[in-house]
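Enquirer: have a look; sequence and predicted model below, questions after that.
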Amino acid sequence: MKNHRESFYIVDPRPLLAHYRLALFGGVLALCFSIATASTLMNLTYFSDASDGVSDGVFFLGGGMACVVFGVAQSIVLHGYPQWVWLQVGVFMIYLLLVVPTTIYSPDHALFTFALLSPLLGLLCLNSKRQREMRLKMVEIRHKREAIIATLKKQGRWKWW
């Protein structure tokens, strides 16, 4: 009996997800650590005199915006547009640039080290061989998809579904 899922996908995503799991989720995990450590560090340094309501609002808004931007860029990269990885790089660079000036306040060394290493680890994940290989594979899949759509349009069978 024929598997009906094979005809639905251009390329079966299960082996791709299994092969590129660390490339996909390494950056997301590094972003979570970056948000947590940078917000804690900034709460102890920049916003030490601010009220809890103001600092909590700033961190939830900033962390939420970073997650949304990173998630949108990740999904567009997974659709085969590798240039959107620069938006992810920008998110990590912003967190790195927010952490570095806190050295003026002489923060806790362990927290400062983790806050500094988290975005650097995220940038390392984005520049890894596996991540670059995954982006090239997604571009190949996008080209296959566009070729199939062009063929269906020529035949008059393309319906926007």
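Expert: Yep, it's here.

Enquirer: just the strands in the chain please.
Expert: Applying DSSP state E to the chain gives no strands.

Enquirer: residue ranges with poor pLDDT in it?
Expert: 1-7, 161 (pLDDT under 70).

Enquirer: list the contacts for residue 21?
Expert: For residue 21, the contact set (C-beta atoms under 8 Å, 6 or more residues apart in numbering) is empty. For glycine as for every other residue, the C-beta is placed from the backbone atoms N, C-alpha and C.

Enquirer: run the last query once more with 10 Å
Expert: For residue 21, the contact set (C-beta atoms under 10 Å, 6 or more residues apart in numbering) comprises 130, 134.

Enquirer: these two touch, right, residue 80 and residue 139?
Expert: Yes: counting by C-beta atoms under 10 Å, residue 80 touches residue 139, with 5.0 Å between them.

Enquirer: neighbour-wise, which of those two wins?
Expert: Legend: neighbour count by other C-beta atoms under 10 Å for residue 80 and residue 139, higher for residue 80 (19 against 15).

Enquirer: need the contact list for that one.
Expert: Counted by C-beta under 10 Å, 6+ apart, residue 80 has contacts 135-146.

Enquirer: turn those residues into JSON lines, including distance to residue 35.
Expert: Converted to JSON lines, the contacts of residue 80 look like this (distance: C-beta to C-beta, whole Å):
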{"residue": "135", "distance to residue 35": "24"}
{"residue": "136", "distance to residue 35": "29"}
{"residue": "137", "distance to residue 35": "28"}
{"residue": "138", "distance to residue 35": "26"}
{"residue": "139", "distance to residue 35": "29"}
{"residue": "140", "distance to residue 35": "33"}
{"residue": "141", "distance to residue 35": "30"}
{"residue": "142", "distance to residue 35": "30"}
{"residue": "143", "distance to residue 35": "35"}
{"residue": "144", "distance to residue 35": "36"}
{"residue": "145", "distance to residue 35": "33"}
{"residue": "146", "distance to residue 35": "36"}
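
Enquirer: counting neighbours, what do you get for the nearest residue to residue 136 once chain neighbours are set aside?
Expert: Leaving aside its chain neighbours, residue 136 sits nearest to residue 82 (7.6 Å; criterion: C-beta to C-beta, 6 or more residues apart in numbering). Residue 82 has 16 neighbouring residues, counting by other C-beta under 10 Å.
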